[in-house]
Every structure is written in C-alpha cells, then in structure tokens.
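*Asks:* this one's sequence-less:
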C-alpha cells in the first residue's frame, strides 16, 4: 500500500475515533483524554528512555549483548511518540508498543533491519558492498614557547587597564 493511502486512512480512523469518543464521553472528556495521553507519552519517553540507557550501559560494561534493551528503548520511545500524537488509534498503537510480549515479537523482525543500517560501535561507517573510507590523520602539532615575562596590555601604558 502506498504511504499516502495509509496516512489518509489513519487520519480518517482518527477522526472517526474522535467522533465516537465524543458521543460516549462528551467533548470535554475527549479533550481531557487527549491531553492525558500527551502527558503520559512525554512521561513514558522520559522514564523508559533513561531506564533503558542505564540498563544498556550496565550490560555493555559486563560484555553482554544489548539488543533486547535497545529494542525496549526504541519501541518505548516510539510508543511514547504515538501517545503524544493526538488521537485514539495512535494512543492504542503507542500502548501496544509498550507491552513487553509485543516488543519481543516486533523487535526481532524490525530491529534487525534497523541495526543493519547502523554504523558499527567502533565509530567507522561500513556499508555493505562499499569500500571503507580511509581515516584521516588527525595529529596536530603546536610549536610554542612559554616564558615568565609579563607584557603590558595592548594599547595601555604599563599594562594598567584603567589608564587612558
């Protein structure tokens, strides 16, 4: 399906969801739920992001793989973003992305595609089928001489900053 069709379908379903919820809980209730979802999404991004990064660092220091923690971080972030986007369908998608069993189903399939596009951890970018760019020599040599001699400030007699 083309992206434009899916996008228009999502907009139509979001509007239908707004109308259905407005009939069920009223207009103020709908706005309150949208605001609550946005606040929850921001809080989830903040807490899940920090917790996952800390766990990933701990596992990496122990020499363990961090794939599942990376999956929790990415999918938790996406879940929070979907919660921030106003709409009930996007809120449902965001909540589903926060459930661990769904993360374990989704991450192995899409995470492999994402990690194949990432640079290796040593900082060099390697694309399959392309030669690696040579690293430039970044050595900088500064030739200087240090003295204990005091010099007057430029334009000021005897180095006095208050003198005219």
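*Replies:* Arrived safely, thanks for sending. Just so it is clear, the structure is predicted and the values come from calculations on it, not from any experiment.
*Asks:* In this protein, where is pLDDT below threshold?
*Replies:* 1, 49, 68, 111-138, 149-164 (pLDDT under 70).
*Asks:* what ranges do the helices span in it?
*Replies:* For the chain, the helices defined by DSSP state H occupy 3-25, 27-61, 67-84, 88-97, 100-116.
*Asks:* In the shortest one, which residues are buried?
*Replies:* By neighbour count, and taking 16 or more other CB atoms under 10 Å as the criterion, the buried residues in helix 88-97 are 88-91, 93-95, 97. Bear in mind the C-beta positions are built from the backbone N, C-alpha and C, glycine included.
*Asks:* swap in the second one?
*Replies:* By 16+ other CB under 10 Å, the buried positions in helix 27-61 come out as 30, 33-34, 37, 40-41, 44-45, 48-49, 52, 56, 59.
*Asks:* farthest pair in those?
*Replies:* Based on CB to CB, the longest span within these runs between 30 and 59 and measures 41.9 Å.
*Asks:* how close does residue 25 get to residue 82?
*Replies:* 21 Å (CB to CB, to the nearest Å).
*Asks:* Those two: which is more packed in?
*Replies:* Counted by other CB atoms under 10 Å, residue 25 and residue 82 do not tie: residue 82 has more neighbours, with 22 against 12.
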